[in-house]
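> Sequence and predicted structure below; questions after.
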Amino acid sequence: MNKFYFTIYTVFLVAFSAFSQNPVVMGKVLDTNSSEPIPDVKVSIQNTIFYTVTNAEGTFSFSQETLPQGEQVLEISKDGYTSLKIPVTIQNDIPVNLKPILLSVDLLKVEEQIGIISLSDEQLDEDEGTSFNVSGLLQASKDVFLNAASYDFSATFFRPRGYDSEDGKVLINGLEMNKLYNGRPQWSNWGGLNDVQRNQMFSMGTSANEYNFGHLAGTTNIIMRASQYRKGGRISYASSNRSYRGRVMGSYNSGQLPSGWAYSVLLARRFGEEGYNDGSLYDANSFFASVEKKLSDKHSLNLTAFYTPNRRGKSSANTQEVYDLKGTRYNSYWGKQDGEIRNSRIKEVSEPIIMLNHYWDISEKTQLNTNVGYQFGKIGNSRLGYDNAPNPDPSYYQKLPSYFLADPNGPNYGGAYQAYSEFVNDGQIDWQNIYETNLFYGGTSRYYLYEDRNDDKQISANTILTSRITDNIDITASFNYRNLNSNNFANMIDLLGGNGYLDIDTFSLGDEAQNDLNNPNRVVGKDDMFKYNYELDATDYSGFAQAQFSYSKVDFYVAGKVGKTTYQRNGLYRNGNFADNSFGKSKQLDFTTYGAKAGGTYKISGRHAFEVNTAYFTDAPTLRNSFSNSRQNNETVNGLTEEKNISVDGSYIFRSPIVKARLTGYYTLMQDASEISFYYADGISVQGADRAVENSFIQEILTGVNKKNIGAELGIEAQVTPTIKLKGAAAYGQNTYDNNPNLYITSDFGGALNAETLQRISSVDYGPSYLKDYKVAGGPQQAYQIGFEYRDPDFWWFGTTANYFSNAYVDVSPLARTKNFYLDTDGVPFNDYDPAVARELLKQEKFDDYMLVNVVGGKSWKIKDYYVGFFATVNNVFDKKYKTGGFEQGRNANYRTLSEDAANDTRVFGPKYWYGYGTTYYLNLYVRF
């Protein structure tokens, strides 16, 4: 480690003393309409290797002694603006200070970008199967490959380099938005704010960025400053058959007023009784306001607030039997009540965010940005509960034909036909029967509708210093702080005709049945807390420093971070099954994190360059993966430690006036992770128990998980004529488990005791789960695209792409890969165990390859001072049916039960899948003024 610090010190020392030069060419780039400076504009000298980008003040300069002399052409370009070419005469002994360069907004490009953001917004709002989607991180990228990944690939849940959304950082005005609970951004917290999300800055992978250390999948900062929006308004209406059916939006930006004030407002609504999948309602409103005051030439203060309350009906994952009977749009979560669709699984998000941002130009070359944010509100996920009553799920395995055909006494064809008829002709939740059942039992609710709630309060603050030390050296440093208090509980929404619910665990007896021993036998009413109630507290501090060096042939950077994270659970109920370890505070968990990264670009010529990025860093495990059974007790995950990440990528980049291309190879190791899953499991072997444990709701904990992602990606585009562009993209990845992590489960096991000690059994260690070389599930690992765009000078355009996907896999059951699979309850292998059969049973399912064709286009007209236009897409033009993901059910966790199930023509407990959308459209009409 000392050698590392010495190396860093030496690099800084050499760099700070190198090549202090006077600018030869300098200038400033402004927006034509607002006269505001435009950052991150690329300024290059045509047909040479020399280029630079404008800073936050819109200024740029060239100072290399080797600049080409004489008559040259500067190319000024930024996505969303019309490019310019400016002639200039360069002489080293005569500095050139250009007049302000004015760039005009390319409105067609702007509308295309807003449309892409809208499409990603829809996909990111989807069900649990898409919660890992990273497309939102890539919206701001101008890279050919990542443009494909953010739109055309994302509908299939393709994940660039196999990364999850928790592997990327999303910032708004410099403040991190990733949740401390699970590490992922909650996209719906800013859903529907499409018009004010256009100002984004993206850094790919672990490359240098101006805000934080970053992460494997990159960093996106969404800039929501009132002064940064172009003056004017926009009204739009969108229609779609995906998540929602309609969206109306209006926004207005004042631009910088003579008084120094600027403001921006937006109102939007998205709605739909059901989306593409049956019964999936959508009800969302969006409010945004930002006001900024320029206090002086050096100070500006911005206040931004947004509130996007939304309710969305979820869609179920289903077995192939269910899809074969009801089609790929089938959703088991809803039924009709009084002729109206009622979905039992509603996700409701209502979390306002307020932030105050101070911008201080300490000098022309040094800026300090300080931000404070506060988020509060609730997230609720509803579901039907039931006690001493049949499962109300219409697709429950005992209600399907396969259950009757697999009868141990021989196929029950009569029962199978009846189940077939009832399911095909209806197959939805019977709300009427639920109400009648509750009334039959005297008003005590056997069925009830409740939600798993978490009410968060989080304060965030950071300060970011950026400074240009010389014309070649930029430094960035930041300090970040976040503090979270999260109250987690079950909340009673509806007693469904009953007059109360007894808050006990009906699978246990005596004191063990009490969900809260401090308030035993409590009768619950509407809006009461019950079942579980606890708080999670988290505090996170981190510091980051980075230096970037830019020279004529080489650009490089070095950066480091250090941080501290603490977690603690505070139980508010004393659970009867864990009376001594559920009420009050848990021990405090402390994690120290650190990291270093470095990289650079070698510019061979004006057309060829090599780039490399390397990083090693640690992360604290998420709150979700730190407590093994947080709803019932204070137990923490065994052997919990910081997670390690090692990343290396290298790229060859080619740029010419016609062709742009990037070819990248990457290698990533993610080590010492923990993962927790919750489900019901049949066929569990609990050795030494005083009774058989056949069916338990368990927490499955994997510890010491290592994963390896290796592969390559290619993006290429060719501007073959001024109006026609050809493009292609390819991703070839292999994302696998890299070891055999340890697996143990926790549960109350129905009150089972150890037969010898008579102690409660609360956890069982199954040792290694043999996952090494299994594929990590999460969308296709290979993706390929070819396409073209036509852009007419008369402000209309269209394009199409053909996208081929392969190597997508089902998510395997780790428990079925442990000794539990082959051991009977007495600890001896099953007498009929056949290793050859076992290998076939445990073979990971690979999904079929498929191709999707997408079409996109738009047109705009200028009518006096108004711009009118539309943006439209049709996805999956040929209505291809394909699986986007799935998982093995954990119910059959041993050889005997799994082999019996697999022997049936139709499996009773086959994997559950998600299917992608068929043919869908999105049409956006807008007026801009």
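Thanks, I have the structure now. Numbers count the residues shown, from 1 in each chain.
> Going by C-alpha atoms from here, please, whenever you check contacts or count neighbours.
Noted.
> Helix, strand, or coil at residue 422?
In three-state terms, and counting by DSSP: H, G, I helix; E, B strand; the rest coil, residue 422 is helix.
> how many other residues sit next to it?
Counted with other C-alpha atoms under 10 Å, residues neighbouring residue 422 total 15.
> One more: residue 85?
A count of nearby residues for residue 85, using other C-alpha under 10 Å, gives 14.
> Does it touch residue 75 like I think?
Yes. Counting by C-alpha atoms under 8 Å, residue 85 touches residue 75, with 4.6 Å between them.
> Can you get me the centre-to-centre distance for stretch 363-372 and its chain?
In this view, stretch 363-372 has its centroid 30 Å away from the chain centroid, taken as C-alpha atoms, centre = their mean, to the nearest Å.
> Just the helices from the stretch 701-850 of the chain, written as ranges.
Secondary structure of the stretch 701-850 of the chain (DSSP state H, counting those that start in this stretch): helices at 835-841.
> could you point out where it is predicted with low confidence?
Within the stretch 701-850 of the chain, the segments meeting pLDDT under 70 span 749-761.
> quick one: the strands in it?
Ranges of strands in the stretch 701-850 of the chain, per DSSP state E, counting those that start in this stretch, are 724-737, 742-746, 763-768, 782-792, 796-806, 850-863.
> Not counting the shortest one itself, show me its contacts.
It stands for strand 742-746. Contact with strand 742-746 is made by 628-629, 698-705, 762-769, 814-815, 818, as judged by C-alpha atoms under 8 Å, 6 or more residues apart in numbering.
> Tell me what angle that strand forms with strand 763-768.
Counting by axes from the mean of the first three to the mean of the last three C-alpha atoms, to 10 degrees, strand 742-746 lies at 160 degrees to strand 763-768.
> and residue 243, what pLDDT?
pLDDT recorded at residue 243 is 88.
> Tell me the backbone dihedrals of it, please.
Backbone torsions of residue 243, given as degrees, to the nearest 10, read phi -70, psi -50.
> How much space separates it from residue 270?
Using C-alpha to C-alpha, to the nearest Å, residue 243 is found at 9 Å from residue 270.
> who touches both of these two?
By C-alpha under 8 Å, 6+ apart, the residues touching both residue 243 and residue 270 are residue 282.
> ok, those two, which is more surrounded?
When residue 243 and residue 270 are compared for neighbours, residue 243 comes out ahead with 25 against 22, by other C-alpha under 10 Å.
> Can you tell me the closest non-neighbouring residue to that one?
Nearest residue to residue 243, sequence neighbours excluded (C-alpha to C-alpha, 6 or more residues apart in numbering): residue 275, at 4.7 Å.
> what do you get for residue 770?
In space, residue 770 is closest to residue 740, 4.8 Å off (C-alpha to C-alpha, 6+ apart).
> Could you give the number of residues near the one you found?
21.
> ok now do it, which residues does it touch?
Counting by C-alpha under 8 Å, 6+ apart, residue 740 touches 705, 768, 769, 770, 771, 772.
> pLDDT below threshold where in the stretch 51-200 of the chain?
Applying pLDDT under 70 to the stretch 51-200 of the chain flags residues 64-65, 107-142.
> for the stretch 551-700 of the chain, same thing?
If you take pLDDT under 70 as the line, the stretch 551-700 of the chain has these spans: 681-696.
> where does residue 605 fall, phi/psi-wise?
phi -160, psi -170.
> Thought residue 51 was touching it, still the case?
No. Between residue 605 and residue 51 there is no contact under C-alpha under 8 Å: 11.7 Å.
> what about the two, which has more around it?
Set residue 605 next to residue 51 and count neighbours by other C-alpha under 10 Å: residue 51 wins out with 18 against 14.
> residue contacts, that one?
By C-alpha under 8 Å, 6+ apart, the neighbours of residue 51 are 42, 43, 44, 45, 62.
> ok, 6 Å please
With contact taken as C-alpha atoms under 6 Å, 6 or more residues apart in numbering, residue 51 is in contact with 43, 44.
> ok, it to residue 104 distance?
Separation of residue 51 from residue 104 (C-alpha to C-alpha): 21 Å.
> Residue 179: neighbour count?
By the criterion of other C-alpha under 10 Å, residue 179 has 15 neighbours.
> what's the nearest residue to it if we skip its chain neighbours?
residue 185 (5.8 Å).
> Just want to check the distance between the one you found and residue 649.
25 Å.
> who's more crowded, those two?
The residue with more neighbours, out of residue 185 and residue 649, is residue 185; 24 against 21, by other C-alpha under 10 Å.
> May I ask you to confirm that the more buried one is in contact with residue 176?
No. Residue 185 is beyond contact range of residue 176, at 8.8 Å (criterion: C-alpha atoms under 6 Å).
> got a list of what the nearest residue in space to residue 178 that is not next to it in sequence touches?
Leaving aside its chain neighbours, residue 178 sits nearest to residue 185 (4.1 Å; criterion: C-alpha to C-alpha, 6+ apart). Residues near residue 185 by C-alpha under 6 Å, 6+ apart: 177, 178, 179.
> switch the cut-off to 7 Å
Going by C-alpha atoms under 7 Å, 6 or more residues apart in numbering, residue 185 touches 170, 177, 178, 179.
> Quick check, the third one in contact with residue 170.
So the one you mean is residue 178. Yes. Here residue 178 reaches residue 170: they are 6.3 Å apart, a contact under C-alpha atoms under 7 Å.
> Of those two, which one has the most company?
Neighbours were counted for residue 178 and for residue 170 using other C-alpha under 10 Å; residue 170 has more, 24 against 19.
> and the gap between that one and residue 190?
From residue 170 to residue 190 the distance is 12 Å (C-alpha to C-alpha).
> any chance you could map the helices in the stretch 351-500 of the chain?
Ranges of helices within the stretch 351-500 of the chain are 401-405, 413-425, 431-440, based on DSSP H, counting those that start in this stretch.
> would TSV of these with mean pLDDT and distance to residue 475 be doable?
Below are the helices of the stretch 351-500 of the chain laid out as TSV (pLDDT from 0 to 100; distance: least, C-alpha to C-alpha, whole Å):
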stretch	mean pLDDT	distance to residue 475
helix 401-405	96	65
helix 413-425	97	64
helix 431-440	95	62
